[in-house]
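K.L.:
here is my input, please return the structure:
(one chain, ligands or ions: 1)
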Amino acid sequence: VAKKKQERASGPYAIGMDLGGTKILAAVISSEGRIVAEAKLKTKPDEGPEAVIGRMEQAARNAVQKAEIEWKDVLGMGVGAPGPVDPESGIVYHPPNLAGWNEVSLGPRLAKELGVPVFLENDVNLGTLGEHALGAGQGTRDMVGVFVGTGVGGGLILDGELRSGYRYAAAEVGHMIILADGPVCGCGKRGCLESVASRTAIDRDIQLGIAAGRESLITELTGGRLNRLTSGVLAKAWHQGDPLVTEILTKAQWYLGLLTASIVNLIDPEMVIFGGGLVEALSEELLAPIRVTARQYFIQQAGADQVRIVAARLGDYAGVLGGAVLARRRSGEKPIVAKE
Ligand SMILES: [Zn+2]
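P.N.:
Just a heads-up that it's a prediction; the model follows:
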């Protein structure tokens, strides 16, 4: 942090915050888009919404304190929350990984406690906005973000602006049907992209393979504890040519390629950005085959190689940087403020 502070970092500042299932990350971000200070706290979602909201406030306060700035120099805070949210009212509906959250009025609560305008968005939308404004997507007009994790999330930028959709549910690329009558998805339907190409799907297929007697380095690399399967372990097995992992990742790449083609055939963006742990672990090795498949299925073949399919650059910071960008852009508009 000390090193970062030596770089040009001037106010007014925005706070970006990312509410995850395991951790809360808050960062103070300068007008140049630099992270001045950050604070992390465990989410502990089992303690319920009230406790989690308290820790979110604490994380913001810790970040402001570490940045050695005053709250009056903070123009607003952009918060990314999982699942569907209503950016107008600041309500979080039913995030899948936060038990007990049921239409929580998060935006107004944080605004009242911290005394700054709070802008709420879906976490993946914010990550996409961060990548567009400050990461791999800088300078593009139309761009789509695809984040492969436990699920698969997406975000949509059109004409340089984040598009949340009519009911704030746009770019749910994880639930595009890629294999009708395929495996059951976390959403309860069959054949969503998430059911064939998320980390959950990949882990399931590896466990099924091993249970069926297939030999795999995964058994040794995880010490037989398959719940310890990380993206790093997958990458290691892939690099050592493990046949089971190669087969399963190749299949996931195929589906992600088809997904990319469908996205391009609908939007025709300049860029599709892939993020998430698996992309960070394998980068170009994961992306190259996705690119080949996608381009085969573009309906418009002219200029197919000009559509860039690239890795995200901001890693875990995409969400907080996107939050700061959102707060900065929207602070002149109707901010979410506490109603007494
Ligand atoms: Zn689904």
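K.L.:
list the buried residues of stretch 83-94.
P.N.:
83, 84, 85, 86, 87, 90, 91, 92 (16 or more other Cβ atoms under 10 Å). C-beta coordinates here come from the backbone N, C-alpha and C atoms, glycine included.
K.L.:
ignore what I typed, I meant stretch 176-186.
P.N.:
So stretch 176-186, judged by 16+ other Cβ under 10 Å, has buried residues 176, 178, 182, 185, 186.
K.L.:
swap in stretch 232-240?
P.N.:
Those would be 233, 234, 235, 236, 237, 238, for stretch 232-240 by 16+ other Cβ under 10 Å.
K.L.:
what do you get for stretch 276-285?
P.N.:
276, 277, 278, 279, 280, 281, 282.
K.L.:
and of these, the nearest to the ion?
P.N.:
Closest approach between these and the ion, by Cβ to the ion: residue 276, at 16.8 Å.
K.L.:
was I right to think that closest one contacts residue 148?
P.N.:
Yes. Between residue 276 and residue 148 there is a contact at 4.0 Å, judged by Cβ atoms under 8 Å.
K.L.:
mutual contacts of those two, please.
P.N.:
By Cβ atoms under 8 Å, 6 or more residues apart in numbering, residue 276 and residue 148 have these common neighbours: residue 199.
K.L.:
got the residues of the stretch 51-200 of the chain near the ion?
P.N.:
Proximity of the stretch 51-200 of the chain to the ion (Cβ under 5 Å from the ion) is limited to residues 175, 185, 187, 192.
K.L.:
buried ones among the residues you listed?
P.N.:
175, 185, 192.
K.L.:
could you list every helix and strand in contact with the host helix or strand of residue 121?
P.N.:
Using DSSP states H and E, residue 121 maps to strand 118-122. Contacts defined by 3 or more Cβ pairs under 8 Å, 6 or more residues apart in numbering; DSSP states H and E place strand 118-122 against strand 74-81, strand 85-86, helix 106-114, helix 318-330.
K.L.:
residue 311: which of these is closest?
P.N.:
Distance to residue 311, taken as Cβ to Cβ, is lowest for helix 318-330 among those, at 11.6 Å.
K.L.:
that concludes my questions; thank you for your assistance.
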